[in-house]
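Participant: got a sequence here, can you build the structure:
(2 chains)
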2 protein chains.
Amino acid sequence: MNREISQAVIRRMPRYYRYLGDLLDEGVERISSNELSAKMKVTASQIRQDLNNFGGFGQQGYGYNVQYLYEEIGKILGLEEQHNIIVIGAGNLGQALANYSKFEKLGFMIIGLFDVNPKLQGQYIRGIPIMMLEELEEFAQGHQIDIATLTMPKSTADSIANRLVDIGVHAIWNFAHVDLDLMDENVVVENVHLSESLMQLSYNMLRSRTELCP
Amino acid sequence: MNREISQAVIRRMPRYYRYLGDLLDEGVERISSNELSAKMKVTASQIRQDLNNFGGFGQQGYGYNVQYLYEEIGKILGLEEQHNIIVIGAGNLGQALANYSKFEKLGFMIIGLFDVNPKLQGQYIRGIPIMMLEELEEFAQGHQIDIATLTMPKSTADSIANRLVDIGVHAIWNFAHVDLDLMDENVVVENVHLSESLMQLSYNMLRSRTELCP
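Facilitator: Numbering: from 1, shown residues only, chains lettered A, B, ... in the order given. Predicted coordinates for the structure are as follows:
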């Protein structure tokens, strides 16, 4: 696999996966890059270029086999295997993520939530237990943890993230509003900074208003 | 204002804003682009290039005045004025967003939640009322709505989004797992696709494992 593929390309792959899944649901068996282009509102050449990073998958004059391409993109995205997730912080956001059953269809299984609030101890969200943060190391001995999701305040994010790295977690899905400072640079981090997304929306609103009424 | 500024630059501006806010909290009055570069782990030339899109703000030999730069970036991002937000879908995610008080410090005020579940009618989240979706149009007559947040299932997202456009909403923060098909192309949309972010993390995990153990 080519290791030089840009994150911009990677960011687009889940979107292809989503469209192909919808096409499968609609019973579509094959699609040309032009048809896919019209649906996804990206150019056909962009689609061909993106997919060529991974070997192409299309046939001249035939287009793409939807089922095959869906499965291949799933493999590229690592969706062939199950990923166990824990969520640190069982507040509203942590509970919302635990309640979101669609992640499971993609192979992402939330197996535990952790919090420091003793009131939450022993509670379950959709069958998923809420444990105390002090139980984390013990839990890790009996369970494979592939991804840790951070939803606690940013003040504790670094120390907890490094504790996770110590117990062998190599991937962090970070909702804490901070860039993590990790001791191990092999850990993979994906940030979801909601207020930054809101600020980007705000910028685009302002710009669009300026363009309409200069 | 230059209208050709790329979304990649815009995406970085909230991060500058966050770092400058932290520096202000620490009492730092001025900072060189080299110091800021070391903190943010982007090159000093990237920082200068990004800020030059908006006029620069730095002085040769002095660096940046933290307070001034913070305020100017706030203006660029439209944070000078208050934005009223409604949230469609008062499930876990909608309630989590309503509970997140930090948005208010940035001027984003959630003023109402809407749902179709009659059990939620009349409830309040942190003082914010949950109303029935059928009350949306009436609510819009008495309140300015700047941003609508969509957290309901994707099957109803398009129809509700277009209903929002009809009542004059020009900005949508979309958590529904679909690309909205809007009748008015002047509407600004910012997507937060959580499962796509998880897939990107999964890809990067797989790649990092392949690199460590080829």
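
Participant: ok, residues contacting stretch A:29-41?
Facilitator: When contacts are defined by C-beta atoms under 8 Å, 6 or more residues apart in numbering or on different chains, stretch A:29-41 is touched by residues A:15-16, A:19, A:23, A:43-44, A:46-48, A:58, A:62-67, B:179. Every residue, glycine included, has its C-beta placed from N, CA and C.

Participant: quick one: residue A:31 from residue A:41, how far?
Facilitator: 15 Å (C-beta to C-beta, to the nearest Å).

Participant: ditto for residue A:172
Facilitator: 32 Å.

Participant: compare those two (neighbour count), which wins?
Facilitator: More neighbours surround residue A:172 than the other of residue A:172 and residue A:41, with 24 against 8 (other C-beta atoms under 10 Å in any protein chain shown).

Participant: secondary structure class for the closest residue to that one other than its chain neighbours?
Facilitator: Excluding its sequence neighbours, the residue lying closest to residue A:172 (C-beta to C-beta, 6 or more residues apart in numbering or on different chains) is residue A:189, at 4.8 Å. Under DSSP: H, G, I helix; E, B strand; the rest coil, the three-state class of residue A:189 is strand.

Participant: which ones are touching residue A:189?
Facilitator: Contacts of residue A:189 by C-beta under 8 Å, 6+ apart are A:171-172, A:174, A:180, A:182.

Participant: quick one: low-confidence ranges for chain A?
Facilitator: A:1-3, A:212-214 (pLDDT under 70).

Participant: list the buried residues in the longest strand anywhere in it.
Facilitator: Taking DSSP state E as the criterion, chain A has its longest strand at strand A:108-115. Judged by neighbour count (16 or more other C-beta atoms under 10 Å in any protein chain shown), strand A:108-115 contains these buried residues: A:108, A:110-115.

Participant: filter those residues down to the ones near chain B?
Facilitator: residue A:108 (C-beta under 8 Å from any C-beta of the partner chain).

Participant: which one of the buried residues of strand A:108-115 is nearest to residue B:155?
Facilitator: Nearest to residue B:155 among the buried residues of strand A:108-115: residue A:108, at 21.6 Å, using C-beta to C-beta.

Participant: OK, contacts around that closest one?
Facilitator: A:82-83, A:85, A:147, B:195, B:198, B:202.

Participant: filter the residues you listed to the buried ones?
Facilitator: Here, 16+ other C-beta under 10 Å leaves A:83, A:85, A:147, B:195, B:198, B:202 buried among these.

Participant: which stretch of helix or strand covers the fourth one?
Facilitator: The one in question is residue B:195. Using DSSP states H and E, the element containing residue B:195 is helix B:194-212.

Participant: contact partners of that helix?
Facilitator: Contacts with helix B:194-212, where a contact means C-beta under 8 Å, 6+ apart, come from A:1, A:3, A:7, A:10-11, A:13-15, A:17-18, A:76-79, A:83, A:97, A:100, A:102-103, A:106, A:108, A:146-147, A:170-171, A:173, A:186, A:188, A:190, A:192, B:175, B:177.

Participant: likewise stretch A:162-171?
Facilitator: Outside stretch A:162-171, the residues touching it (C-beta under 8 Å, 6+ apart) are A:88, A:136-137, A:140, A:145-148, A:172, A:182-184, A:186-190, B:201-202, B:204-205, B:208-209.
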